[in-house]
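following is a predicted model, sequence given first.
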Amino acid sequence: MFEPRIVCFFCKWCTYAGADLAGTSRKQYPPNGVVVRVNCSGRIDPQHVLWAFREGADGVLIGGCHPGDCHYQDGNYKTMRRVSFLKKMLEDMGVDPTRLHLEWISAAEGDKLVHVMGDFVDTIRGMGPLEITIAGGGRGGAARAVPRAPTKPAEKKGAKPKPKKRPASKKAGAKPKKRPAKKKAAKPKKKPAEKKATAKRVSAKPKRKAPAKPGGKATKRKAASKPPRKAKKKVTKKRSARRRTR
């Protein structure tokens with residue numbers, strides 16, 4: 001049996017609150033609708049409705065506040081003008097305008113939402129799926145009903161089919177061949193002439209002399225070679241007094 005797919009645009013303040021009331025009151029209604037919450041019904045653009053039909057929706061239901069009770073003053077009046085314009089556009093496109101429905105439902109009207117949803121689902125079920133041809137792709141109703149056949153690559157005329165390669169059969173009990181191990185490159189040996197040269201370099205280094213002990217011969221020679229320091233002359237009081245008088 002055909003089950004329609006319906007996209008529902010509900011106002012946040014009224015119709016969406018009425019749907020919450022119907023859910024908390026344990027009231028049952030058809031689950032065919034996919035609810036999209038908007039701040040105001042005037043926020044719904046005509047492109048949103050056309051996009052829903054293009055993506056395979058069989059019907060669109062718009063719910064808003066009663067005229068005069070809009071939270072944004074005149075949002076629902078704009079919705080009335082847009083829906084009347086959209087119905088004329090859908091008729092020109094070959095889509096039945098009854099697939100688009102507008103209803104005013106307040107937050108306290110949970111029972112009304114149940115009846116409106118049930119009646120709209122029954123009318124769309126009686127009309128059948130939406131079948132439209134869309135230029136440039138898109139799902140639509142017809143695209144989901146007709147599955148695409150798998151395409152095969154075109155074969156050239158006169159071309160011989162290529163023979164399939166058979167896998168080489170392995171002999172029973174045959175051991176796999178081991179790969180030859182890679183030989184490591186031998187390091188070049190040092191020539192004996194190089195060893196002698198390194199020995200000469202080591203022997204050519206000068207040896208460090210040990211420091212001379214205090215009181216030895218070397219210290220006495222150094223002490224004897226240095227000249228004695230001259231003693232400084234002391235200035236007597238008489239000479240200093242003469243300099244002052246001058």
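Looks like it arrived, so ask away. Numbering: from 1, shown residues only.

spit out the contact partners of residue 111.
By CB atoms under 8 Å, 6 or more residues apart in numbering, the residues touching residue 111 are 22, 27. For every residue, glycine as well, the C-beta is placed using N, CA and C.

could you do residue 105 as well?
With CB under 8 Å, 6+ apart, residue 105 has these contacts: 14, 15, 18, 63, 64, 112, 113, 116.

which of those fall within strands?
Counted as lying in strands by DSSP state E, out of these, are 63, 64.

just the contacts of residue 105 now: which is nearest residue 99?
residue 116 (14.8 Å; CB to CB).

look at that closest one and report its pLDDT.
The per-residue pLDDT reported for residue 116 equals 95.

what values do phi and psi take at the residue nearest to it when sequence neighbours are not counted?
If the residues on either side of it in the chain are set aside, residue 116 comes closest to residue 103, at 5.1 Å by CB to CB, 6 or more residues apart in numbering. Main-chain torsions, residue 103, degrees, to the nearest 10: phi -140, psi 140.

from residue 23, how far out is residue 103?
18 Å (CB to CB, to the nearest Å).

who's more crowded, the two?
Taking neighbours as other CB atoms under 10 Å, residue 103 and residue 23 compare with residue 103 leading, 18 against 13.

show the pLDDT at that one.
pLDDT for residue 103: 95.

my read: it touches residue 117, true?
No. Residue 103 is beyond contact range of residue 117, at 9.4 Å (criterion: CB atoms under 8 Å).

find the nearest non-adjacent residue to residue 61, please.
residue 8 (4.6 Å).

quick one: residues contacting that neighbour.
Residue 8 sits next to 33, 34, 35, 36, 60, 61, 62, 63 when contact means CB under 8 Å, 6+ apart.

and the helix or strand hosting it, what's its mean pLDDT?
Here residue 8 sits within strand 6-11, counting by DSSP states H and E. Taken as a whole, strand 6-11 carries a mean pLDDT of 96.
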